[in-house]
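Asker: A predicted structure for the sequence below; I have some questions about it.
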Amino acid sequence: MLASTLASKKTFSFAVFIPEPISVEAYWNKPLVGVRKAFKEVHQYGVNIHIYLFKQSDSQTFIDEAELILQSKPDGVVLAPFFSRESKLFIEELQKREIPYVFIDSNLKDSEKLSYIGQDSYQSGMLAAKLLDYSLAENASILILHFAKEMDNLNHLVQREKGFYEYFKTNDPQGKRKLITLEIADPASNLFTEKMENTLDNNLAVKGIFVTNSQVYHLAKFLEQSKRSGIRVIGHDLISENMAYLKKGSVDFLICQRPEEQGYNSVFALFDHIVLKKPVKRDNYTSIDIITKENLDYYK
């Protein structure tokens, strides 16, 4: 099949549609590393990859870029369905055009996707809950912290929160442990500090905090600067800022999901289906890894 593909000189166009990384070290650079690695391997077979980025704080940029993708008529799409509502409308258009698509990072289960490659966000939330439950006294409260705008439209964060609450619904049916949820749109604003101080001052029993995305370093910095100690902190993703606070002990656990692997495998899912005409596994869950300062240097 590969020989005949080379001989035919046919070309294929894949669109990769993910959030714009907010910095060089940000989480969303990591899937791009995997995508570029895969591109080097499939380019010889006539595959071209075009990358489209949208702003995490602005769903309109998703809509605008989605329209550009549809106009380009790709053979396949890799999509991070970051905004649930907009993603559902976009994949409806892909399905009308019979364009196969692969999800990474988060999953829309009731879709006609070719494949999903990423973490089980619901189980990730349950794991975070268990880690805090086991490491805190019975009378300690827990804060679930979302750094997000339009929280109800962010599928992966919603699923993590659901998993977190479900753990305690099952294991603490009488509701002895108090759970508090806080949403902050912009962790760089003064409002973040004000909200955190008010929340912690009015809930002195909070001894554990779960940050549902990769921006746990904002919380760690706040706790450090405000000289608040004795609070267990769990966040997501092995980016440089998080690693620094993990090493210092300001973050206790990072839950990681191998984003480079997601980017790499998503391209090959499209390649196998479109170019090689091979069957592709529908759900491909990456490992849910727990990283601490003790095993950080040995994690690859």
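Answerer: Done, it's in.

Asker: these two touch, right, residue 11 and residue 46?
Answerer: Yes. Applying Cβ atoms under 8 Å, one finds residue 11 in contact with residue 46, separated by 4.3 Å. Quick note: C-beta positions are derived from backbone N, CA and C, even for glycine.

Asker: more crowded one of those two?
Answerer: residue 46 (15 against 10; other Cβ atoms under 10 Å).

Asker: gap between that one and residue 10?
Answerer: To residue 10, residue 46 is 5 Å away according to Cβ to Cβ, to the nearest Å.

Asker: repeat that for residue 242.
Answerer: Residue 242 is 43 Å from residue 10, by Cβ to Cβ.

Asker: more crowded one of those two?
Answerer: residue 242 (25 against 11).

Asker: correct me if wrong: that one contacts residue 218.
Answerer: No. Under the criterion of Cβ under 8 Å, residue 242 is not in contact with residue 218, lying 10.1 Å apart.

Asker: please, where are all the helices along the chain?
Answerer: In the chain, the helices defined using DSSP state H lie at 2-8, 29-42, 59-72, 84-96, 121-135, 155-171, 190-202, 216-225, 240-248, 259-270.

Asker: would you list those in a markdown table and tack on mean pLDDT and distance to residue 210?
Answerer: Converted to a markdown table, the helices of the chain look like this (pLDDT from 0 to 100; distance: least, Cβ to Cβ, whole Å):
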| stretch | mean pLDDT | distance to residue 210 |
| --- | --- | --- |
| helix 2-8 | 56 | 46 |
| helix 29-42 | 96 | 21 |
| helix 59-72 | 97 | 25 |
| helix 84-96 | 97 | 21 |
| helix 121-135 | 97 | 5 |
| helix 155-171 | 95 | 6 |
| helix 190-202 | 94 | 14 |
| helix 216-225 | 96 | 9 |
| helix 240-248 | 96 | 14 |
| helix 259-270 | 97 | 20 |
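
Asker: please identify the most buried of those helices.
Answerer: Ranked by mean neighbour count, those are led by helix 259-270 with a mean of 24 (mean count of other Cβ atoms under 10 Å).

Asker: show residues contacting that one.
Answerer: 14, 16, 27-28, 30-35, 37-39, 42, 49, 75-78, 100, 102, 104-105, 114-115, 117-118, 237, 280, 284, 286 (Cβ atoms under 8 Å, 6 or more residues apart in numbering).

Asker: before we move on, what about stretch 100-118?
Answerer: Counting by Cβ under 8 Å, 6+ apart, stretch 100-118 makes contact with 18, 31, 76-82, 84, 87-88, 91, 94-95, 119, 121, 155-156, 159, 257, 259, 261-263, 265-266, 269-270, 273-274, 280-286, all of which sit outside it.

Asker: check which residues of it are buried.
Answerer: Across stretch 100-118, burial judged by 16 or more other Cβ atoms under 10 Å covers 100-108, 111, 113-118.

Asker: residues in contact with the nearest residue to residue 230 once chain neighbours are set aside?
Answerer: Excluding the flanking residues, the one nearest residue 230 by Cβ to Cβ, 6 or more residues apart in numbering is residue 207, at 6.4 Å. Applying Cβ under 8 Å, 6+ apart, we find residue 207 in contact with 136-137, 140-142, 230-232.
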